[in-house]
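Undergrad: have a look at this prediction, sequence included:
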Amino acid sequence: MAQFSFRVDPSSAEPLFAQIVSGVKHAVATGRLAPGDRLPSVRELARELVINPNTIAKAYEALEAEGITLSRHGAGTFIAERRAVLSGDEQRRRIREALTALLTDAVHLGLRESDVRREFDAALHRFRFDTGGDDTGKRKG
Amino acid sequence: MSDAPIVFDRLTRYFGSRCVLDTLSIEVPRGSVFALLGRNGAGKTTAIRCLLGLLEPTRGSARVLGHDARHLPPDIRARIAYVAEDHRMVPSMRLGAIVDLQAASFPAFDAHACRGRLNQLGLSEKAKPKNLSRGQRAQASLALALATTPEVVVLDDPALGLDAVVRREFLETVIELIQHEGRTVFLTSHLLGDVERVADHVAILVNGVLRVAAPLDEVRRRVVRLHGFFPGEAPEFPGGMPGVVRSVRRRNELLVTVANEATAAGERLRAMGATLVEEETLGLEDLFIDYTGGTAQGAGE
């Protein structure tokens, strides 16, 4: 099984199931989880995180609905190959929107452009991006 | 009639002239972990005592597994486990003897599994409850309750007085317990972080009156806190608006916790002159405090 551990914070305003979803997505984005890796079973993770198994099951359903994981009957839940379901234009539109919000915050926090650039570069290294090969940016339909 | 394993039907209980529970109606779905929350004296333990047939309702009823709690047949009672808040056990009986006694009393009691669990917890069969720590007694009474392989488990503030480490162990046992298909757990607790971990349904009692009963996610989705910012001193939020749980003024800011009606309340804030309205989602702890502690500024009550 893949290296996979993260913590949840029950006192956070973010619901536990959403914390699990973003925890898995983050692990995939940073390469700690790779396509084909098996996630712990609902029971195992419930025991490890000490939270209700229904909450885990709900998070796993959401991950599968988003195409982050797929479940093979009887074998468990696995990280799926990344598929681009959105067009390149739509991908760029969404990332610009997120960047606008992020940079708005940065300006109001009083950061300098060079600070932002340094933080951004440092963060980039922590994530694993598609290398622009065979099936990236594939259009739907 | 509902097939929910636990049903409170307009349950009302007076102590003298004081109404401790006021027409409480709840249906606890099968397989859920249902947390009943409320401050001390809100009526939680009274509800549990009625549920177990230890206390007669003044009006209405509590039903467990389809039977009125006042007349539970022995075979039904054997399918219910109860862990009291003080983990009472016969103080001078050895644990091994208690296990034997339970095995003789309950046909479905799994003495082997129970001994295994006590052993796993490092509790000797020769030990007597009076010599155990509070945490050990809590663990032992849970082990005994679970060995009956119950369909319904009732836990009355099970973590009260346990330290953080024992509480975590206890929670781990509760997680094991709910892995069992179709088992229903009904619990009360003060520790909202624990509730957030294990419960999927919550109900909030305020002075004997039920204010909320819904899946935890739904409650958290429906209830938000609006922050209205005003150019000067914030005005008082008008009373009588639907869904308002609590409103608090803080200099130029008006905080309004509202269930279901966030859009209407936001529009009202703007109409009152708020220049900025922000929406905040709440964790269970904040939510609980707004529902139960809002008497000072309780615009919604």
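TA: Yep, that arrived. Residues are numbered from 1 along each chain as shown, chains lettered A, B, ... in the order given.
Undergrad: give me the phi and psi angles of the nearest residue to residue B:207 once chain neighbours are set aside.
TA: Closest residue in space to residue B:207, ignoring its immediate chain neighbours: residue B:42 at 6.4 Å, by C-beta to C-beta, 6 or more residues apart in numbering or on different chains. Glycine gets a C-beta too; all of them are placed from N, C-alpha and C. Note on residue B:42: backbone dihedrals following degrees, to the nearest 10 are phi -80, psi -20.
Undergrad: name the residues that touch the helix or strand that residue A:114 is a member of?
TA: In the assignment (DSSP states H and E), residue A:114 maps to helix A:113-126. Helix A:113-126 is contacted by residues A:30, A:103, A:106 when judged by C-beta atoms under 8 Å, 6 or more residues apart in numbering or on different chains.
Undergrad: just the closest of the residues you listed to residue B:70, please.
TA: Using C-beta to C-beta, residue A:30 is the member of the contacts of helix A:113-126 that sits closest to residue B:70, with 58.4 Å.
Undergrad: could I get the average pLDDT for stretch B:153-168?
TA: Averaged across stretch B:153-168, the pLDDT comes to 85.
Undergrad: please, where are all the helices along the chain?
TA: Unless you meant another one, I'm taking chain A. Along chain A, counting by DSSP state H, helices occupy A:16-29, A:42-49, A:53-65, A:88-109, A:113-126.
Undergrad: think we crossed wires, I meant chain B
TA: Using DSSP H, the helices of chain B run over residues B:44-51, B:74-77, B:95-105, B:111-120, B:134-146, B:164-178, B:192-198, B:216-222, B:262-271, B:284-292.
Undergrad: name the residues that touch the shortest one?
TA: What that stands for is helix B:74-77. Counting by C-beta under 8 Å, 6+ apart, B:64-67 sit against helix B:74-77.
Undergrad: excluding chain neighbours, what is closest to the residue most central in space within chain A?
TA: Residue closest to the average C-alpha location in chain A (C-alpha atoms, centre = their mean): residue A:25, at 1.7 Å. Counting by C-beta to C-beta, 6+ apart, residue A:68 is the residue found nearest to residue A:25 once chain neighbours are left out, at 6.1 Å.
Undergrad: neighbours of that neighbour, how many?
TA: Neighbourhood size, residue A:68 [other C-beta atoms under 10 Å in any protein chain shown]: 20.
Undergrad: state the distance from the residue nearest to residue B:207 to residue A:66.
TA: Distance, residue B:42 to residue A:66, using C-beta to C-beta, to the nearest Å: 40 Å.
Undergrad: quick one: mean pLDDT over the helix holding residue A:114.
TA: Helix A:113-126 comes out with an average pLDDT of 91.
Undergrad: give me the domain ranges for the chain.
TA: Just so you know, I chose chain A. A:16-79, A:88-126 (automatic domain parsing).
Undergrad: actually it's chain B I care about, not the one you picked
TA: B:6-207, B:220-292.
Undergrad: dump those domains into TSV; add mean neighbour count as well.
TA: Listed next are the domains of chain B as TSV, based on neighbours: other C-beta atoms under 10 Å in any protein chain shown:
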stretch	mean neighbour count
domain B:6-207	18
domain B:220-292	17
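Undergrad: turn these into CSV, columns for distance to residue A:5.
TA: Output for those, formatted as CSV (distance: least, C-beta to C-beta, whole Å):
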stretch, distance to residue A:5
domain B:6-207, 17
domain B:220-292, 23
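Undergrad: out of these, which gets nearest to residue A:62?
TA: domain B:220-292 (14.1 Å).
Undergrad: so who does the residue nearest to residue A:25 touch?
TA: Contacts for residue A:68 (C-beta under 8 Å, 6+ apart) come out as A:24-25, A:28, A:79-80.
Undergrad: reformat the residues you listed into a markdown table and put pLDDT next to each item.
TA: Shown next, in a markdown table, are these (pLDDT from 0 to 100):
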| residue | pLDDT |
| --- | --- |
| A:24 | 93 |
| A:25 | 92 |
| A:28 | 89 |
| A:79 | 93 |
| A:80 | 92 |
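Undergrad: any idea how far stretch A:103-112 is from the middle of the chain?
TA: Relative to its chain's centre, stretch A:103-112 lies at 25 Å (C-alpha atoms, centre = their mean, to the nearest Å).
Undergrad: that stretch vs chain B: in contact?
TA: No - judged by C-beta under 8 Å from any C-beta of the partner chain, stretch A:103-112 makes no contact with chain B; its nearest approach is 13.5 Å.
Undergrad: quick check: the gap between residue B:131 and residue B:277.
TA: Residue B:131 is 59 Å from residue B:277, by C-beta to C-beta.
Undergrad: no, scratch that, I was asking about residue B:153
TA: The spacing between residue B:153 and residue B:277, counted by C-beta to C-beta, is 44 Å.
Undergrad: right, and the domains of chain A - which one's nearest residue B:213?
TA: Proximity to residue B:213, assessed across these by C-beta to C-beta, is greatest for domain A:16-79 (17.4 Å).
Undergrad: ends of that closest one, what's the gap?
TA: 20 Å (C-alpha to C-alpha, to the nearest Å).
Undergrad: pull the distance from that domain to the chain's centre.
TA: With C-alpha atoms, centre = their mean, you get 11 Å for domain A:16-79.
Undergrad: hang on, the earlier thing: list the buried ones in the helix holding residue A:114?
TA: Buried residues in helix A:113-126, counting neighbours by 16 or more other C-beta atoms under 10 Å in any protein chain shown, are absent.
Undergrad: ok, stretch A:8-23 next?
TA: Quick answer for stretch A:8-23 (16+ other C-beta under 10 Å): A:8, A:10, A:13, A:15-21, A:23.
Undergrad: now tabulate the residues you listed in JSON lines and tack on pLDDT.
TA: Below are the buried residues of stretch A:8-23 laid out as JSON lines (pLDDT from 0 to 100):
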{"residue": "A:8", "pLDDT": "87"}
{"residue": "A:10", "pLDDT": "84"}
{"residue": "A:13", "pLDDT": "81"}
{"residue": "A:15", "pLDDT": "87"}
{"residue": "A:16", "pLDDT": "91"}
{"residue": "A:17", "pLDDT": "91"}
{"residue": "A:18", "pLDDT": "92"}
{"residue": "A:19", "pLDDT": "93"}
{"residue": "A:20", "pLDDT": "94"}
{"residue": "A:21", "pLDDT": "94"}
{"residue": "A:23", "pLDDT": "92"}
